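> When you get a sec, could you give me coordinates for this:
(one chain, ligands or ions: 1)
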Amino acid sequence: MIDKTEIERIKQVIVEKLSSIHTLKCVQKINQLVDEIAGQEERETESLSSSSEEQVVTPWVVSGKIDHDKVIEKFGCKRIDESLIDRVERLTSRRAHVFLRRGFFYAHRDLDKILDCYESGKKFYLYTGRGPSSESLHLGHLIPFLFTKYLQEAFKVPLVIQITDDEKKIWKKLEKEETKRLGRENVKDIIACGFDASNTFIFSSYATVGGKFYENVVEIADCITVNKANSTFGFTGEASTAKMIFPSVQAAPSFSSSFPHKLFPDEKKNIPCLIPCAIDQDPYFRLTRDVAPRLDFIKPALIESKFFPALRASGNNGKMSASDANSAIYINDSAADIKKKEDIPFQYLSFFLEDDAELEHIKKEYGEGRMTTGDVKKRLVQVVTEIVERHRMARAAVTDEMVDAFMTPRPLFE
Ligand code: TRP
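Here you go, the predicted model:
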């Protein structure tokens, strides 16, 4: 058994070898950006001793070697195929978002039904959310929101965004007031993505659960047995009962009647809902879909993303020092693993570079060895820096008045 310091020393050697391939500045910059993209401080990552290779995907733990096809299989959702993407493009008369056409948002439940509904001129609304556990959102957190913005623009539909300050109090043991403060800070980042102010309602759980919303929470919770919650979320007897109730709080916004103010001026009882989210949120909505028919509600549809391949998912709960470049090349990685990790910059590029022709060109050059990983990283830095800079400027322009406006309950209009 090798001890920890020995592992660290060997890692250092590997890191130095790898780093010397590229210019130092580039390596530092890329690590900083990759941190922003792949930072997974909310997720407990696999420990260094990768004895358990088995993948675990719950809303709180994502570990093991993630095989996204297996996740689909295990959860029972469907893969988004070319014909579905074509249909989205046809119906919205615009090119699908890169995250969709390059397979980052790759799974769904009932997306076809939402499209049927849209095609026949009926309404639907979008619902997504964020558990505020950090001061500001990094690029990885922004991805679902950037995608949701595209959906709102393409389909011209109302959007509700839940800030689950309660969730982070329960799971992260953050102080209640701190989760509220972080929530408001996160709302600024969300607004900076450019959502339509007249068509977007952002709300915190603490501020909203009551009235119609709470009636639905109770209806939903009353359909879920302790056994069901335990088997879906892996709760044990030690779990607090707050954990038992929270899934119903996250489920409630999937049903339009939870909102006392109408989302549409001519709203009838049931408006179909589409939820863009990362696939780790699927267990919540699987449950939600199970209970929907029992309450005469429509099952929410889902459009689900993969996780970002984490270059720096560390052995020790994700917190690494800045000097620890490329630290996620583990000592027990095989040559194939390392090669795969070296390919991650290209994967990132394929999610962020809009230009299909340029990406195709880079793919060819890189594949045939005329471009190095370092070259790919350089281009990635440019592309991502532009996105990050644009976001920083937009966020700086978000005022407290804007936050209040987005968070005021009001009817939303098309
Ligand atoms: N549980 C999510 C998180 O930890 C927050 C959330 C609430 C959410 N409602 C949602 C995410 C709906 C996606 C869709 O960040």
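> Tell me how many other residues surround residue 241.
9 (other Cβ atoms under 10 Å). From N, CA and C alone the C-beta is placed, and that goes for glycine too.
> ok, now how distant is it from residue 286?
Using Cβ to Cβ, to the nearest Å, we find residue 241 at a distance of 21 Å from residue 286.
> In the stretch 101-250 of the chain, what residue lies closest to the ligand?
Per Cβ to the nearest ligand atom, the residue of the stretch 101-250 of the chain with the smallest distance to the ligand is residue 129, at 2.5 Å.
> would you say that residue is within a strand?
Yes. Counting by DSSP: H, G, I helix; E, B strand; the rest coil, residue 129 is part of a strand.
> Quick check: residues of the protein near the ligand?
Selection of the chain residues close to the ligand by Cβ under 6 Å from any ligand atom yields 59, 127-131, 162, 164, 167, 250, 275, 277, 281.
> need those in CSV with distance to residue 103, pLDDT and neighbour count, can you?
What follows is these, written out as CSV (distance: Cβ to Cβ, whole Å; pLDDT from 0 to 100; neighbours: other Cβ atoms under 10 Å):
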residue, distance to residue 103, pLDDT, neighbour count
59, 23, 82, 22
127, 23, 98, 25
128, 20, 98, 22
129, 23, 98, 22
130, 24, 96, 24
131, 26, 94, 26
162, 27, 98, 23
164, 28, 97, 22
167, 29, 95, 26
250, 26, 98, 24
275, 19, 98, 24
277, 16, 97, 21
281, 19, 95, 20
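> between these, which is nearest residue 227?
residue 59 (18.5 Å; Cβ to Cβ).
> Now do the phi/psi pair for that closest one.
Backbone dihedrals for residue 59, given as degrees, to the nearest 10, come out at phi -60, psi -10.
> now swap in residue 62 and tell me
phi -130, psi 110.
> That one and residue 279 touch, don't they?
No. At 9.4 Å, residue 62 and residue 279 do not qualify as touching, with contact defined as Cβ atoms under 8 Å.
> Give the residues shared as contacts by the two.
Counting by Cβ atoms under 8 Å, 6 or more residues apart in numbering, the shared contacts of residue 62 and residue 279 are residue 307.
> and the closest residue to residue 64 other than its chain neighbours, what does it touch?
In space, and not counting its chain neighbours, residue 64 is closest to residue 55: 3.7 Å by Cβ to Cβ, 6 or more residues apart in numbering. Contacts for residue 55 were tallied using Cβ under 8 Å, 6+ apart; they are 63-67, 70-71.
> So the spatially closest residue to residue 185 that is not a sequence neighbour: helix, strand or coil?
The shortest distance from residue 185 to any residue other than its chain neighbours is 5.7 Å, reached at residue 135 (Cβ to Cβ, 6+ apart). For residue 135, the assignment made with three-state DSSP gives coil.
> Residue 161 is in contact with the residue of the stretch 101-250 of the chain closest to the ligand, correct?
Yes. Counting by Cβ under 8 Å, a contact exists between residue 129 and residue 161, whose distance comes to 6.0 Å.
> For the ligand, give me its nearest residue in the stretch 201-350 of the chain.
Counting by Cβ to the nearest ligand atom, the stretch 201-350 of the chain gets nearest the ligand through residue 277, at 3.5 Å.
> Across the sheet, point out what pairs with that residue.
On the basis of DSSP bridges, residue 277 takes part in beta bridges with residue 304.
> For residue 117, see how far away it is.
Residue 277 is 19 Å from residue 117, where distance means Cβ to Cβ.
> which residue packs closest to the spatially most central residue of the chain, ignoring adjacent ones?
Taking Cα atoms, centre = their mean, the centroid of the chain lies closest to residue 278, which sits 4.0 Å from it. Sequence neighbours aside, residue 305 is the residue nearest to residue 278 in space, at 5.0 Å (criterion: Cβ to Cβ, 6+ apart).
> Identify the residues contacting that neighbour.
99, 104-106, 143-144, 147, 276-279.
> What average pLDDT does stretch 103-118 get?
Mean pLDDT, taken over the full extent of stretch 103-118, equals 97.
> Endpoint to endpoint, that stretch covers what distance?
In terms of Cα to Cα, to the nearest Å, the two terminal residues of stretch 103-118 are separated by 22 Å.
> what comes up buried for that stretch?
Buried residues in stretch 103-118, counted by 16 or more other Cβ atoms under 10 Å: 103-111, 113-115, 117-118.
> Repeat that for stretch 217-229.
Quick answer for stretch 217-229 (16+ other Cβ under 10 Å): 217, 219-221, 223-224, 229.
> Now the terminal residues of that stretch, how far apart.
For stretch 217-229, the separation between the terminal residues is 15 Å (Cα to Cα).
> elements contacting the lengthiest helix in the chain?
Among the elements of the chain assigned as helix by DSSP state H, the one spanning the most residues is helix 373-396. Helix 373-396 is packed against helix 24-38, helix 139-155, helix 176-191, helix 344-352, helix 356-367, with contacts defined by 3 or more Cβ pairs under 8 Å, 6 or more residues apart in numbering; DSSP states H and E.
> List the buried residues for the third one?
Spelled out, that is helix 176-191. Buried positions in helix 176-191, judged by neighbour count with 16+ other Cβ under 10 Å: 179-180, 182-191.
> In this structure, what residue spans correspond to strands?
Along the chain, the stretches classed as strands by DSSP state E are 56-57, 62-63, 78-79, 105-109, 125-130, 159-163, 200-204, 273-278, 301-305.
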